[in-house]
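In: this one's structure only:
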Ligand SMILES: Cc1cc2nc3c(=O)[nH]c(=O)nc-3n(C[C@H](O)[C@H](O)[C@H](O)COP(=O)(O)O)c2cc1C
């Protein structure tokens, strides 16, 4: 069966996800960040997570070379942050995604974006082949989260908010 790209995107777009911004620093110390919805947990013991990065993207080389990266789980209302780091590098050259952005350095030396639902500080564990993407697996070294707040969602190519909680 031949799967067309448009059918693949349409079908997989039906799988609603959260939205994360992954961040690292390149060997020169410059911060790098990308918006991803491919983030998922892998293992509890050891604590492993993964995300997938496009092999054609400019960010991959920097993430593959990095010994550590951070994952920020975005909250409802943080779509502006998500959009900043979802721009193609060509566009980013025209407007620096970091310009005017509120962020700081974490204890791990990696970028921290305020207002997220959770932040995971990860040591790079392994990079696996994932077709036209690379699968970056990290070991969680530190966690930060807040119990309140609602997630930013991505569904059928659009940002969404949770409309209501399903009764238990
Ligand atoms: C909601 C959302 C989720 C995304 N998820 C991923 C992802 O999991 N992996 C990926 O490589 N790109 C993903 N992208 C696209 C990247 O954010 C975008 O291609 C990248 O920032 C472009 O930068 P580059 O051209 O410098 O690599 C996503 C974009 C959006 C808006």
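Out: Thanks, I have it. As the structure is a prediction and not an experimental result, all values here were calculated from the model. Residues are numbered from 1 along each chain as shown.
In: hey, where'd the helices end up in this structure?
Out: All helices of the chain, identified by DSSP state H, fall at 5-12, 60-65, 79-84, 89-94.
In: Which other helices and strands does the second one contact?
Out: Spelled out, it's helix 60-65. If you count contacts as 3 or more Cβ pairs under 8 Å, 6 or more residues apart in numbering; DSSP states H and E, helix 60-65 packs onto strand 20-25, strand 31-36, strand 48-54, strand 133-145. In this view, the C-beta of every residue, glycine as well, is placed from N, C-alpha and C.
In: Could you dump those into CSV and include mean neighbour count, mean pLDDT and distance to the ligand?
Out: Putting the helices and strands packed on helix 60-65 into CSV (neighbours: other Cβ atoms under 10 Å; pLDDT from 0 to 100; distance: least, Cβ to the nearest ligand atom, whole Å) gives the following:
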stretch, mean neighbour count, mean pLDDT, distance to the ligand
strand 20-25, 25, 98, 8
strand 31-36, 21, 97, 3
strand 48-54, 19, 98, 3
strand 133-145, 17, 98, 6
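In: burial measure for the nearest residue to residue 27 once chain neighbours are set aside, as a count.
Out: If the residues on either side of it in the chain are set aside, residue 27 comes closest to residue 65, at 6.5 Å by Cβ to Cβ, 6 or more residues apart in numbering. Applying other Cβ atoms under 10 Å, we find 12 residues neighbouring residue 65.
In: Give me the distance between the closest residue to residue 53 other than its chain neighbours and residue 28.
Out: Nearest residue to residue 53, sequence neighbours excluded (Cβ to Cβ, 6+ apart): residue 60, at 4.8 Å. Going from residue 60 to residue 28 by Cβ to Cβ, to the nearest Å gives 17 Å.
In: Look at those two and report which has more neighbours.
Out: Set side by side, residue 60 and residue 28 show more neighbours around residue 60, with 18 against 6, by other Cβ under 10 Å.
In: and that one, what does it touch?
Out: By Cβ atoms under 8 Å, 6 or more residues apart in numbering, residue 60 lies in contact with 53, 54, 134.
In: Please report how far it lies from residue 45.
Out: Look at residue 60 and residue 45: by Cβ to Cβ, they are 29 Å apart.
In: cool, residue 135 as well?
Out: Computed as Cβ to Cβ, the residue 135 to residue 45 distance reads 20 Å.
In: ok, now residue 66?
Out: With the distance defined as Cβ to Cβ, residue 66 ends up 24 Å from residue 45.
In: what do you get for residue 85?
Out: Distance, residue 85 to residue 45, by Cβ to Cβ: 31 Å.
In: Could you check which of those two is surrounded by more residues?
Out: residue 85 (22 against 5).
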